[in-house]
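> The following comprises the amino acid sequence and a computationally predicted model.
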Amino acid sequence: MSLGETFHALANEKRLTILRWLRDPTRHFPPQRYGDLVEDGVCVMFIADKLGVAAPTATAHLQVLARAGLVTARRAGQWTFYKRDENAIENLKRRVGAEL
């Protein structure tokens, strides 16, 4: 992924907010019935509710972040859970530092 594509993913305030929330999911989301917030990620329905958008809109934002390599998705039955990819985010920080 190019830096331009990654910056495009980060150029949206809702996507930045999602990344901030996912940095500390237990602080920002209630416990889930299925899956651990930290280990498994946060259900897209919780993210959509907190953003105040429909699930397909939240999914679209999360898919942009996933294509940029900033979050990972895991399906469990009918649910999709998202969490930050901390290694990818650290690599991005180093890459930006090297480029600038």
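It's in. Numbers count the residues shown, from 1 in each chain.
> And the helices in this structure?
Under the criterion DSSP state H, the chain contains helices at 3-10, 13-23, 25-28, 44-51, 55-67, 86-99.
> Can you tell me how far the most centrally placed residue in the chain is from Phe7?
Centroid check for the chain by C-alpha atoms, centre = their mean gives Val71 as the closest residue, at 4.5 Å. In this view, Val71 and Phe7 are 16 Å apart by C-beta to C-beta, to the nearest Å. C-beta: built from backbone N, CA, C; applies to glycine.
> Other residues contacting stretch 33-44?
21-22, 25-26, 29, 31-32, 55, 58-59, 62, 71-74, 76-77, 79-83 (C-beta atoms under 8 Å, 6 or more residues apart in numbering).
> Quick check on these: which are buried?
Buried members of those, counted by 16 or more other C-beta atoms under 10 Å: 21-22, 25, 29, 32, 58-59, 62, 71, 79-83.
> what would those residues look like in TSV with pLDDT and distance to Leu100?
Shown next, in TSV, are these (pLDDT from 0 to 100; distance: C-beta to C-beta, whole Å):
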residue	pLDDT	distance to Leu100
Trp21	98	27
Leu22	97	25
Pro25	97	30
Phe29	96	33
Gln32	91	38
Ala58	97	31
Thr59	96	32
Leu62	97	27
Val71	96	24
Trp79	89	39
Thr80	94	34
Phe81	96	33
Tyr82	97	28
Lys83	97	28
